[in-house]
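>>> return a 3D structure for these sequence lines:
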Amino acid sequence: DLAAQINAWLAFLRDEKRYSSSTVDSYLFDLENFLSFVKVHEGTLPSINVLSCLKLVDFRAWLSWRVEKNVGAASRARGVAGVRNFFRFLDKHGVMHNPFIDLIRLPKTPKLLPKPMTIADTKEVIDYAGVEPKEYWIGKRDQALFVLLYACGLRISEALNLTRGQYPFTDVLVITGKGKKQRIVPVLPAVNGVVESYLKECPYQLERDKPLFVGKRGLKLDRAVAERQMRNIRYALGLPDTATPHAFRHSFATHILASGADLRAIQELLGHSSLSTTQK
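Coordinates of the predicted model:
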């Protein structure tokens, strides 16, 4: 009975709430972590009936268990959010009701502002990306990816979801972001230039409906690979841990704001629903 409800919940998150796949995966991971704790804590397999009978002390025991495992405050807070979301889903659909889930206090998390790279560091990273890998075409690929993230302010997932058929880019690019919301971003001529250089060196014949950025085996480039390449570069250049692929997006916003761009315009370019998110 529990497995069926979990599957229904995941479908709800994906199809109705339109959460990103990474968010859905994180919620599922946290719920599985919670159910593993319940199995040990209660000495029985979790079920709808078992979950409905949990008390506030049981939820607090779960949070204490995670603290003992050195799970950070942000991860614990996300875990509570995921489990609470599942319990509320069950409540909304008349499956079960447990009032104690809403009495848990979220762990306090430090409010850290995103840190962009300087213009000089951004240029150095992009230049170094072209020579860091042993295989020349991979360097060209990373360079094209990083330029696209920076020049268009894309999320890494948005860039990796681009298809070969979308290139060559026109003056604008239609991007499907979080919640399947679409936005239009301008494309500088330099972006087309570095992507063209990558495609000339790429050893694979990419079909129009296939990913634009591919890995060593010709399949869609994995996000973890791009993050690892960036990690190698920042170590080589002595940059802080905040220099990640996502930092290109922060740098894009910060640099054009410093150049006099309107905050509302930046909000549109980034695809933010809330202006406060852009202000951060």
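
>>> so what's the residue count around residue 245?
The number of residues packed near residue 245 is 23, by other C-beta atoms under 10 Å. Yep, even glycine has a C-beta here, placed from its N, CA and C like the rest.

>>> now the closest residue to it other than its chain neighbours: phi and psi?
If you skip the residues right next to it in sequence, residue 245 has residue 156 as its closest partner in space, 4.6 Å away by C-beta to C-beta, 6 or more residues apart in numbering. Torsion angles at residue 156 (phi, psi; degrees, to the nearest 10) stand at phi -60, psi -40.

>>> quick one: the helices in the stretch 151-280 of the chain?
For the stretch 151-280 of the chain, applying DSSP state H, counting those that start in this stretch gives helices covering 156-160, 189-201, 223-237, 245-258, 263-270, 275-279.

>>> residues making contact with the host helix or strand of residue 74?
For residue 74, the host element (DSSP states H and E) is helix 73-92. Applying C-beta atoms under 8 Å, 6 or more residues apart in numbering, the contact partners of helix 73-92 are 5-6, 8-9, 12-13, 26-31, 33-34, 48, 51, 63, 66-67, 71, 96-98, 101-102, 104, 106-110.

>>> show the buried residues in these.
By neighbour count, with 16 or more other C-beta atoms under 10 Å, those hold 5-6, 9, 12-13, 26-28, 30-31, 33-34, 51, 63, 66, 71, 98, 101, 107 as buried.

>>> where's residue 183 relative to residue 35, distance?
Note on residue 183: its distance to residue 35, by C-beta to C-beta, to the nearest Å, is 37 Å.

>>> wait, residue 197 touches residue 144, no?
Yes. Between residue 197 and residue 144 there is a contact under C-beta atoms under 8 Å: 7.0 Å.

>>> settle it for me: which of these two has more neighbours?
A direct count of neighbours by other C-beta under 10 Å for residue 197 and residue 144 places residue 144 higher, at 28 against 16.

>>> OK, contacts around the more buried one?
Here residue 144 is in contact with 194-195, 197-198, 213 (C-beta under 8 Å, 6+ apart).

>>> so it is in which element?
helix 136-152.

>>> which parts of that helix are buried?
137-152.

>>> returning to what we had before: and the helix holding residue 74, how far out from the chain middle?
Helix 73-92 sits 18 Å away from the centroid of its parent chain (C-alpha atoms, centre = their mean, to the nearest Å).

>>> from the contact counts, what lies against the following helix or strand past that helix?
Next along the chain after helix 73-92, taking DSSP H and E as the criterion, comes helix 119-129. Judged by 3 or more C-beta pairs under 8 Å, 6 or more residues apart in numbering; DSSP states H and E, the packing partners of helix 119-129 are helix 136-152, helix 223-237, helix 245-258.

>>> these: which one's closest to residue 161?
Of all the helices and strands packed on helix 119-129, helix 223-237 sits nearest to residue 161, with 10.5 Å by C-beta to C-beta.

>>> got the buried residues for that closest one?
Neighbour-count burial for helix 223-237, counted by 16+ other C-beta under 10 Å, picks out 225-226, 229-230, 233-234.

>>> next, count neighbours for residue 257.
Residue crowding around residue 257 was assessed by other C-beta under 10 Å; the count is 16.

>>> nearest residue to it other than its sequence neighbours?
Residue 257 sits nearest to residue 266 (C-beta to C-beta, 6+ apart), 6.1 Å away.

>>> give me the contacts around stretch 228-248.
114-117, 121-122, 124-125, 128-129, 132-133, 142, 145-146, 149-150, 155-156, 226-227.

>>> state the distance from residue 248 to residue 153.
8 Å.

>>> neighbour count winner among these two?
residue 248 (28 against 24).

>>> rewinding a little: okay, the angle between the helix holding residue 144 and helix 189-201?
In terms of direction (axes from the mean of the first three to the mean of the last three C-alpha atoms, to 10 degrees), helix 136-152 departs from helix 189-201 by 160 degrees.
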